[in-house]
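> Kindly generate the corresponding structure for this input.
(chains A and B)
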Number of protein chains: 2
Amino acid sequence: MESGVSDLHTSGIEFFYNPKSIAVVGASPDRQKPSGRPLAALQDRGFAGKLFAINPRYQEIAGTPCYPTILDVPDDVEMAIISIPAAFVLETLEQCVAKGVKVAVIFSAGFSEIGPEGEALQRRMTELARASGLRILGPNSFGLIRVSNAVMASFAHIVDLEPVRPGTLGFVTQSGAFGAMTYADATEAGVGFSSFTSVGNEADTEFSDFVGYLLDDPETHVIGGYLEGAEDGLKLRRVAEGALERRKPILIMKVGRTGAGARAASSHTGSLAGDDQIYDAFFRQTGIVRIQSVPELTAFCVLHRGGRSFRGKRVAILSGSGGHGVVLADRCESLGLSVPEITGATREKLEQCLPHFGSARNPIDLTAQGGVDRSMLGNCLRALASDDGIDVILAHVFFVEQDGTKRAEELVEIYRSTDKAIVLTCHSRIRSGVEADCIAMLKDAGIPVLTDGLQAAQAVAQLAWYQEKAGAASADDGERALPVLPPVEGRGEGVGELLRAGEPLTEFHSKRILGSYGIPVTREALASSAEMAVTLARQLGYPVALKVQSAQILHKTEADGIRLDLGSDDEVRTAYDELLANAERFAPGAELQGVLVQEMLGEGVEVIIGTTRDPVFGQVIMFGLGGIFVEALKDVSFRIAPLSRRDAREMIEEIRGYPVLQGIRGREPADVDAIVDAILRVSRLVEDHRDEIEELDINPLRVFPTGAKALDALVATRRNGPRSG
Amino acid sequence: MESGVSDLHTSGIEFFYNPKSIAVVGASPDRQKPSGRPLAALQDRGFAGKLFAINPRYQEIAGTPCYPTILDVPDDVEMAIISIPAAFVLETLEQCVAKGVKVAVIFSAGFSEIGPEGEALQRRMTELARASGLRILGPNSFGLIRVSNAVMASFAHIVDLEPVRPGTLGFVTQSGAFGAMTYADATEAGVGFSSFTSVGNEADTEFSDFVGYLLDDPETHVIGGYLEGAEDGLKLRRVAEGALERRKPILIMKVGRTGAGARAASSHTGSLAGDDQIYDAFFRQTGIVRIQSVPELTAFCVLHRGGRSFRGKRVAILSGSGGHGVVLADRCESLGLSVPEITGATREKLEQCLPHFGSARNPIDLTAQGGVDRSMLGNCLRALASDDGIDVILAHVFFVEQDGTKRAEELVEIYRSTDKAIVLTCHSRIRSGVEADCIAMLKDAGIPVLTDGLQAAQAVAQLAWYQEKAGAASADDGERALPVLPPVEGRGEGVGELLRAGEPLTEFHSKRILGSYGIPVTREALASSAEMAVTLARQLGYPVALKVQSAQILHKTEADGIRLDLGSDDEVRTAYDELLANAERFAPGAELQGVLVQEMLGEGVEVIIGTTRDPVFGQVIMFGLGGIFVEALKDVSFRIAPLSRRDAREMIEEIRGYPVLQGIRGREPADVDAIVDAILRVSRLVEDHRDEIEELDINPLRVFPTGAKALDALVATRRNGPRSG
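All right, here's what the predicted structure looks like:
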């Protein structure tokens, strides 16, 4: 895809969530049927707008007037819900257009998911939408729910569930059935929805359009999504960046992580499944929280609802069971949180509260004595709340008959007296009536309460990561799209011409392109005779390397086309002749550009910077250490261009081999800033020429204690000019 | 610890689980108190043996006769439950001994967990137990429960829960509170316990003793454990091996994985927390399933209860939601299971059942149509059950009013018609009365039913791993303790003498030790003059290396004590003199053993084999690739000696850098068998001399396409002779 199609196409989408009138086409009086359920639900939940049924067999359905076609409705219709066989859908849509309907929700299956015939039908639907401005959700959609105004435009059983209020989770899903399960589970867990949208086959509107719309929906505080594959990565990126600016978290369950998953995803919606590593990088880059399960989503919502921001990742754990505390501490640290030892005044205060066989170190162990002396928990909480060395308190609570209410009131008072993030867990089993009342009291006061400590730890880690990311994004603001690089004189001069030559570029030409973007390359020049090579070698200074240059010989080693460490005129002459002979043997008749005479570099750490064009996300940058790290360990990281300075630094720090750059075996650290700089320049280059450059490899970039230089490079152009993703 | 103390000390333990008579010392009539609850629970649950209360303040408690001291009981007492202040416990134990009591369960806290004073008290308790034969559980224990005969010897609230029957999970815990939570959660999840044992401070009996006892307890089919640290690794290993022989799975939640966890664990029970990596290796080696959470334990129990063995790890996934199927497929593959594409006759059969927009590839997507045509699931299951390419079927089911019962009967019939492992998941929410009945029907028929698909996938992976491990163990049988190695003439000759010299061993002596165990080392000899070095070099053949040898210079590189690739007599002479001068400069007056003249080896892959003595597990073997892999990536694996051939192979394959050994960049693969052989010989060496060898390093072992040779080695002896762990 090119940048032109990446604009959010949200025009008219508001009518999905706020229609003044709804007609159900194919409405049935049987409320157990998919064609009956939305009408019944709209009635039951009290949709306040006008409601019409469309079905030639009835005059009215349970009090709602019924007409043969939508054209017969004697009033405006803003939303049509379409629940009829595929064969009749297009005709109905044409009637909708004639009627001036704004949006259509199509349950009907039998389109792109069934193969070529259905695809053709769906294409006509897309054309109709584009031509008329009618916005379509689906086909093959489970529909849509907007809780606050009772838009129950779905045939899923979830319309029958009593919604949790207030609903602040906006959920968009590429799988209707999985989405419905998520809705049911989250409702059970006490998390309310602002809206639920099953995008189906995405004939007109797509996943990112709805997420984009929800960015500015005041009812929606958190956006959840189930994604198999984005149609347009740039659009999703723009949406994610908008969400980060607004500090509205997006959590996505992205499937297709492994082989079998990816196979089924592609057969399920026919959407393009991007490479999972690239999605992972994309999420990390854009601040989308990637989740693996529904409980992760609900726990995050509960924490986020609390509204407190974490200043950092330092967690204090309070529990009446040493074992439980240790389990939580382990989990927290494995999730990247820290559980620092409590020291100083707080330690003293805790030790005054705790029995002598407890632990004030962290995790803080109240021991079973916490069940006897029930003021202990509150006292410990107060001590921790005033400790600047702690960002989040994770405490396990319970309540007993005798003084439960009093203790709950105390917790509420402590919570209100501080702005520290506090998360409580209360074991779900053996819960007495008093305990249920106490938990309700805590929840009413806005305190996040979860049942499972491990899930609480996970949610803390995710929210802490998110808040750090959002904070960094606003700090980076302005710098993100266009990182400040030292200016390069005549930047990009001649690059377009070199690229348009359209043939594979040799190392020499590739490096001229890099050089014109300010990426340091080896000093070198092309020789067209042995004597010229000698002259150049003397200018560069011995020792030098010689490398054959031909568009027909891109892998020079295979052709035995390289000679290193040549120390004299004679060695250069001999090497020159050998390289020519080898080239002729390897690729008879190959057109030689000449032989590259190149300076030899000192020792350093070798890294790779590469780029590739991803069909979903466009230009993707890769980083890794050279050699065995890439080949045997696949220890590389990705980011989507354009990159911020922070992105570049993170992708360097993220690889497992990062300690090699920090200096091991007593070596000096490598110049990481020089790598950051090179990555940013590469990002700029492939963005400037995103339709011309197919792949780029700097392999290796040799990194010194100060500076770095590209030792070899390869730029591959797109042979046939721009093509669509 | 030495091997002598590793014997299981289970004598008398049966009385904990089958006492004919119980006295509760410190019994209270208040059933809400820890001192009141066990007596009440023993009465309520119908303990059939004799019951006595001990408390000078009462004549009887709720019908149970009460005496001032245990000596006053006019009958035999096999078990004493002790719930009195720490200060009075020893005196009571002495009375128990006098009375002939077999076992004591001690709730009282105030012993080793509170510091030196408590430790002293606890030591006296240990001595009393050892001297008298009275077996003690605790102190600081939550007690013990045996469900089948209502031995409710615990003060935890869990005695009030209605037990799930039949109870087949035997649970042993080092944290009473965490254990009680586990008991409650598992009960809620429908998993029944045979017994629950909180080991407390382990003054006499310890974790492994109870696990060991449960190995031969016919009521116990699965053993679960919460472990902070084992006292005696060899004992736990023996228990684990016994469990694997009997095919009785052990699942352990081991905490202290990270820094904060480890710190708290050590302050919690004062037990020695071993390094987590070593525990991890130990669990993998001995077939213990390491779990992270209670739901993992319960899901495993549900699957194991099904009793079907998996022939392999190939899973078919059946779901009515494509999205759900993809999520499960992703999880399965990330857990090491495979989700192979269905082909051939089965594929055809599935395609006949499924709608044309479904997927028969795997995951198998019934689509929402599976909710309409409810015979589809059964037909698909039949097709998969007869496919030899599938080992486990994971199917999501639901039941509706109209035909739920009929469908459940059909599933039972299908399950009975095959011996294929089938696991069903049924979403826990929106469950109608019919659905509840159907699930009960499935469970009664012995079909494993879980609510959460992701947990089901995890349990399938764990059970498949376990079954593979158990199968391999019986295949290896006999070979495990003593892997068959080619005999070495005069094995170990002179080794004891070298080791007992007690000084740090030079490379030359270290390699003599390795060589005497059949580990190939470089050809080499010690020279005491430059001319002798020349003579030796000629005998070995040029080029050679020279290395200074002195007990005072263990890191030769630091002393500039190595010269490589010497190609002539003159070079050897010069090098010899230089090394002597360098040694004198580096360590003036150092006693030289001479200069080692060593053959130069051809190219190969360098690996490290090392050993260290772990305080818990004894001799531990480490393996890794050389250089940067170990230093920067810490890419190493561990196993506990002695190793089986399979252990050695697994530890090689387990490192991330394994592909390097398989040959990359067109290189020939390295001789992995030669590494296995070297590891086994090292294992034999450190076992034979486990009290003398503190550390051993072969760094590097250079591995060729055929064979391998130790290029450098270092053996460190234990300076002060055997010491306790």
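> quick one: residue A:527 and residue A:536 touch, right?
Yes - the pair residue A:527 and residue A:536 qualifies as a contact (CB atoms under 8 Å) at a distance of 5.4 Å. To be clear about C-beta, it is placed using only N, CA and C from the backbone, and glycine gets the same treatment.
> Residues that sit against both of those two, list them.
residue A:597 (CB atoms under 8 Å, 6 or more residues apart in numbering or on different chains).
> and the spatially most central residue of chain A, what helix or strand is that in?
In chain A, the centroid-proximal residue (CA atoms, centre = their mean) is residue A:283; its distance is 2.0 Å. Using DSSP states H and E, residue A:283 maps to helix A:276-286.
> Output the contacting helices and strands for that helix.
Using 3 or more CB pairs under 8 Å, 6 or more residues apart in numbering or on different chains; DSSP states H and E, the elements in contact with helix A:276-286 are helix A:233-246, strand A:250-254, strand A:289-290, strand A:636-640, helix A:645-654.
> can you list the residues that contact the helix or strand just after the shortest one?
Meaning strand A:289-290. Remark: after strand A:289-290, the chain's next helix or strand is helix A:294-306, criterion DSSP H and E. Under the criterion CB under 8 Å, 6+ apart, residues A:168-169, A:181-182, A:185-186, A:189-191, A:221-222, A:224, A:249, A:251, A:253, A:289, A:291, A:421-423, A:446-450, A:452, A:455-456, A:458-460, A:462-463 lie in contact with helix A:294-306.
> ditto for stretch A:177-189
By CB under 8 Å, 6+ apart, stretch A:177-189 touches A:142, A:145, A:156-158, A:161-164, A:169, A:171, A:173, A:193, A:196, A:198, A:224, A:226, A:294-295, A:297-298, A:301-302, B:320-324, B:327, B:368, B:427, B:429-430.
> rewinding a little: which stretch in the helices and strands packed on helix A:276-286 has the least confidence?
Mean pLDDT is lowest for strand A:636-640 among those, at a mean of 90.
> Is any residue of that strand near chain B?
No - residues of strand A:636-640 are not located near chain B by CB under 8 Å from any CB of the partner chain, the shortest gap being 13.4 Å.
> Paired strands for that strand, with orientation please.
Strand A:636-640 pairs in its sheet with strand A:618-625 (antiparallel), by DSSP bridges.
> Run the angle between the strand it pairs with and helix A:645-654 for me.
40 degrees (axes from the mean of the first three to the mean of the last three CA atoms, to 10 degrees).
> Between helix A:276-286 and strand A:618-625, find me the angle.
Using the same axes, to 10 degrees: strand A:618-625 against helix A:276-286 is 100 degrees.
> pull the CA atoms of strand A:618-625 into PDB?
Output of strand A:618-625 as PDB, limited to C-alpha atoms (Å, rounded to 0.1, in the frame of the first residue of the first chain):
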ATOM      1  CA  GLY A 618       6.100  -0.900   4.500                       C
ATOM      2  CA  GLN A 619       9.800  -0.300   5.200                       C
ATOM      3  CA  VAL A 620      11.000  -2.300   8.100                       C
ATOM      4  CA  ILE A 621      14.400  -1.900   9.700                       C
ATOM      5  CA  MET A 622      16.300  -4.800  11.200                       C
ATOM      6  CA  PHE A 623      19.300  -4.800  13.600                       C
ATOM      7  CA  GLY A 624      21.500  -7.500  14.800                       C
ATOM      8  CA  LEU A 625      25.100  -8.400  15.700                       C
END
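> now that strand, how far from the centre of its chain.
16 Å (CA atoms, centre = their mean, to the nearest Å).
> Show me where chain A dips below the pLDDT cut-off.
A:1-9, A:256-274, A:428-432, A:476-492, A:501-503, A:629, A:665, A:719-725 (pLDDT under 70).
> The longest helix along it - contacts with which helices or strands?
The residue-count maximum for a helix in chain A (DSSP state H) belongs to helix A:453-476. If you count contacts as 3+ CB pairs under 8 Å, 6+ apart, helix A:453-476 packs onto helix A:233-246, strand A:289-290, helix A:294-306, strand A:315-319, helix A:322-334, strand A:392-397, strand A:421-426, helix A:645-654.
> still on that earlier bit, can you list the helices and strands packed on helix A:276-286 in a markdown table and add distance to residue B:523?
As requested, the helices and strands packed on helix A:276-286 are exported to a markdown table (distance: least, CB to CB, whole Å):
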| stretch | distance to residue B:523 |
| --- | --- |
| helix A:233-246 | 60 |
| strand A:250-254 | 58 |
| strand A:289-290 | 56 |
| strand A:636-640 | 42 |
| helix A:645-654 | 45 |
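> Give me whichever of these is most buried.
Of all the helices and strands packed on helix A:276-286, strand A:250-254 has the most neighbours on average by mean count of other CB atoms under 10 Å in any protein chain shown, namely a mean of 24.
> List the strands paired with it, with their directions.
strand A:222-227 (parallel), strand A:289-290 (parallel).
> What are the contacting residues of the shortest one?
The contact list for strand A:289-290 (CB under 8 Å, 6+ apart) reads A:249-254, A:280, A:283-284, A:300, A:462, A:465-466.
> From the chain's centroid, how far away is it?
Using CA atoms, centre = their mean, the offset of strand A:289-290 from its chain centre is 6 Å.
> What of the longest one?
Taking CA atoms, centre = their mean, the mean C-alpha location of strand A:222-227 is offset from the chain mean by 11 Å.
> got a list of contacts for it?
So strand A:222-227 is in contact with A:168-175, A:178-179, A:182, A:207, A:211, A:214-215, A:243, A:248-255, A:297, A:300-301, A:304, B:323, going by CB under 8 Å, 6+ apart.
> Can I get that strand as PDB, trimmed to CA atoms?
Taking Å, rounded to 0.1, in the frame of the first residue of the first chain, the C-alpha atoms of strand A:222-227 are listed here in PDB:
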ATOM      1  CA  VAL A 222      -9.600   1.600  26.900                       C
ATOM      2  CA  ILE A 223      -9.700   0.000  23.500                       C
ATOM      3  CA  GLY A 224      -9.400  -3.800  23.200                       C
ATOM      4  CA  GLY A 225      -9.000  -5.700  20.000                       C
ATOM      5  CA  TYR A 226      -8.700  -9.100  18.500                       C
ATOM      6  CA  LEU A 227      -6.600  -9.000  15.300                       C
END
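> Surely the residue nearest to the centre of chain A touches residue A:253?
No - using CB under 8 Å as the test, residue A:283 is too far from residue A:253 to be in contact (10.9 Å).
> Run through the strands of the stretch 551-700 of chain A in chain order.
Taking DSSP state E, counting those that start in this stretch as the test, the strands found in the stretch 551-700 of chain A are A:562-566, A:592-599, A:605-614, A:618-625, A:636-640, A:693-703.
> Which one of those strands lies nearest to residue B:378?
Taking CB to CB, strand A:605-614 is the member of the strands of the stretch 551-700 of chain A nearest to residue B:378, at 42.5 Å.
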